[in-house]
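Participant: based on what follows, work out the 3D shape:
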Amino acid sequence: MGVTDPAGPVMDRDEVDRALARLGAEHEAIETSLLALQDHAGRRLLEGAELTGVTKERWTTAEASITLLWAYFDAYTDALRSARDIRARRRWSSRDDLVELTELLRGESVTVAGSASATANAPTLHGGSGKLSEQFTLVTLVDRMNELYATSLDMVVAADAVWSALPARIDLLAAELQRTRRLAHSVGVRPGEHPAGDDLERITRTLTHLRAEVVSDPLAYWLPTQGSSAPGGGRPDTTVYDREARALEDVRREIDAVLTVRQDAEQRLVKLRDVLSRADRTLAEARTARGEVLAKIAATEVPVVSGPPTVLQEQLATAAEYRRQAQWHRLSPLLESLEQKAEDELLRARESLTAVTAPLAVRAELRGRLDAYKAKVARHGLAEDPFLIERYDAARRMLWSAPCDLRVAEQAVLRYQQAAAELLGGPRVPGPRAPEDRRGPGS
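Facilitator: Model prediction:
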């Protein structure tokens, strides 16, 4: 080691002793950190893994940095040992000893000769030139080691964090995926036959690829914390994992729906048959009522009643066949569609019956109105009035004869109401279907 003029004034014995104590403490801390890095589980995994991508590139650099770190540490150890030996020569160091110690402790007295590969691959921080040998002061050498250690530890901690978090979670999700696949197969949810089966195949491929990538290139799934200088500041990127976990949950819900169909399929089929049977009976009743209306009511339009839709019966038979063949994944959407169509068909049948029987309802309303006014007249002692009897009989003959002309019968009922109102001293009945008529007598 050559001796040059010290960069500053010669240190006294107290300054030397304080510097040696500080450098000794730093030496102990650095050695502890290097040994911890050497034993770090992440570093051991990196050494034995077949790496790819960004992790392979960064581990090549980190390996060179760690090799260089030990070379720097050895040089630092030698320089510190030399300084301690010089200080130990005499209790009271001579001027020459202090000059030499000042050069060792403050000057660029430490020469580090590194291997070509280590020097080439290690980062050249704080002016590091990447040469095969460099000279440092002990202080700058400590700074250099701290920086190399921080970047190396950051890489090791990040890779270890990803390996600790993602593969185990992927394996658990893959196990759940296998259980879901078996369950899906048992209810007929298979690739090419049901969208959920196709989803399971895609999730399987994605998880297999994700695990292989995480194992070989963990740093591709690391999100560093912006602005953080602490080694390992960040978190594993679980975006792909989370997306596939949500997709699997959606598939599980679909499978649960199919399982529910399997459990209550027979009950739902029985209910469907009942609803369609009620719709058929209602349509049959409407067809019978239409014949009655055409026979009893004259001069009115009666809507045609259609027959029951055969397509629903065909679909119901298909649903029953799906149940017999345990094709639950096909039965599930068919049942949902049929249930809605059956309710719509029952509503249509009821509306058809209402439309067909409307003339009979009008006749019944006129009969009721006529009898109500007759009762009102009787309460007032006018039941034997010849004029009212004549008009009542005329209206009654029209309403109780077939076919009944509703327009003529309504006019006859109105004439009876008007005559009764005049005799009772009430307001004149204004016309057919007036609000007063709808409220009925005695209002």
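
Participant: going forward, measure contacts between C-alpha atoms and count neighbours the same way
Facilitator: OK.

Participant: point out where the stretch 1-150 of the chain drops to low pLDDT.
Facilitator: 1-8, 93-94, 114-132 (pLDDT under 70).

Participant: repeat the analysis, applying 80 as the threshold.
Facilitator: Residue ranges of the stretch 1-150 of the chain with pLDDT under 80: 1-8, 12-13, 87-88, 90-97, 99-101, 107-109, 113-134.

Participant: and the strands in it?
Facilitator: For the stretch 1-150 of the chain, applying DSSP state E, counting those that start in this stretch gives strands covering 110-113, 133-136.

Participant: most packed of these?
Facilitator: Highest mean neighbour count among these (mean count of other CA atoms under 10 Å): strand 110-113, with a mean of 19.

Participant: and it, what does it pack onto?
Facilitator: The contact analysis (3 or more CA pairs under 8 Å, 6 or more residues apart in numbering; DSSP states H and E) places strand 110-113 against helix 53-88, strand 133-136.

Participant: the longest one packs against which elements?
Facilitator: Counting contacts by 3+ CA pairs under 8 Å, 6+ apart, the secondary-structure elements packed against helix 53-88 are helix 13-39, helix 95-106, strand 110-113, helix 116-121, helix 138-186.

Participant: now do the first one: distance to the chain's middle.
Facilitator: So the one you mean is helix 13-39. Chain-centre distance of helix 13-39: 54 Å, with CA atoms, centre = their mean, to the nearest Å.

Participant: residue 190 - nearest residue in space that isn't next to it in sequence?
Facilitator: Spatial nearest neighbour of residue 190, excluding adjacent residues (CA to CA, 6 or more residues apart in numbering): residue 197 at 4.4 Å.

Participant: quick check: the one you found touching residue 183?
Facilitator: No - applying CA atoms under 8 Å, one finds residue 197 not in contact with residue 183, separated by 10.9 Å.

Participant: those two - which one has more neighbours?
Facilitator: Each of residue 197 and residue 183 has its neighbours counted (other CA atoms under 10 Å); residue 197 has more, 20 against 16.

Participant: domains of the protein?
Facilitator: 13-156, 160-259, 262-356, 359-439 (automatic domain parsing).

Participant: what's the burial count for residue 361?
Facilitator: By other CA under 10 Å, 13 other residues sit near residue 361.

Participant: so it: helix, strand or coil?
Facilitator: What DSSP: H, G, I helix; E, B strand; the rest coil gives for residue 361 is helix.

Participant: wait, what's in contact with it?
Facilitator: Going by CA atoms under 8 Å, 6 or more residues apart in numbering, residue 361 touches no other residue.

Participant: okay, strands next: where are they in the stretch 301-443 of the chain?
Facilitator: Secondary structure of the stretch 301-443 of the chain (DSSP E, counting those that start in this stretch): strands at 404-405.

Participant: where does it have low pLDDT?
Facilitator: For the stretch 301-443 of the chain, the stretches with pLDDT under 80 are 301-302, 307-309, 325-329, 383, 424-443.

Participant: distance to residue 215 added to the helices and strands packed on helix 53-88, as CSV?
Facilitator: Shown next, in CSV, are those (distance: least, CA to CA, whole Å):
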stretch, distance to residue 215
helix 13-39, 20
helix 95-106, 46
strand 110-113, 35
helix 116-121, 23
helix 138-186, 7
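
Participant: element containing the residue nearest to residue 190?
Facilitator: Taking DSSP states H and E as the definition, residue 197 sits inside helix 195-216.

Participant: got the CA coordinates for that helix in PDB?
Facilitator: C-alpha atoms of helix 195-216 as PDB (Å, rounded to 0.1, in the frame of the first residue of the first chain):
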ATOM      1  CA  PRO A 195     -69.800 -21.400 -20.900                       C
ATOM      2  CA  ALA A 196     -68.800 -22.200 -17.300                       C
ATOM      3  CA  GLY A 197     -66.900 -25.200 -18.600                       C
ATOM      4  CA  ASP A 198     -65.000 -23.100 -21.000                       C
ATOM      5  CA  ASP A 199     -64.300 -20.600 -18.200                       C
ATOM      6  CA  LEU A 200     -62.800 -23.400 -16.100                       C
ATOM      7  CA  GLU A 201     -60.500 -24.400 -18.900                       C
ATOM      8  CA  ARG A 202     -59.300 -20.800 -19.400                       C
ATOM      9  CA  ILE A 203     -58.800 -20.300 -15.600                       C
ATOM     10  CA  THR A 204     -56.800 -23.500 -15.500                       C
ATOM     11  CA  ARG A 205     -54.500 -22.400 -18.300                       C
ATOM     12  CA  THR A 206     -54.000 -19.000 -16.800                       C
ATOM     13  CA  LEU A 207     -53.200 -20.300 -13.400                       C
ATOM     14  CA  THR A 208     -50.700 -22.800 -14.800                       C
ATOM     15  CA  HIS A 209     -48.900 -20.100 -16.800                       C
ATOM     16  CA  LEU A 210     -49.100 -17.600 -13.900                       C
ATOM     17  CA  ARG A 211     -47.400 -20.100 -11.400                       C
ATOM     18  CA  ALA A 212     -44.600 -20.900 -13.900                       C
ATOM     19  CA  GLU A 213     -44.000 -17.200 -14.400                       C
ATOM     20  CA  VAL A 214     -44.100 -16.300 -10.700                       C
ATOM     21  CA  VAL A 215     -41.600 -19.100  -9.900                       C
ATOM     22  CA  SER A 216     -39.100 -18.200 -12.700                       C
END
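
Participant: tilt between that helix and helix 138-186?
Facilitator: 160 degrees (axes from the mean of the first three to the mean of the last three CA atoms, to 10 degrees).

Participant: now do helix 195-216: distance to the chain's middle.
Facilitator: Distance of helix 195-216 from the chain centroid (CA atoms, centre = their mean) equals 17 Å.

Participant: what angle do it and helix 53-88 make?
Facilitator: With the same axes, to 10 degrees defining the directions, helix 195-216 sits at 30 degrees from helix 53-88.
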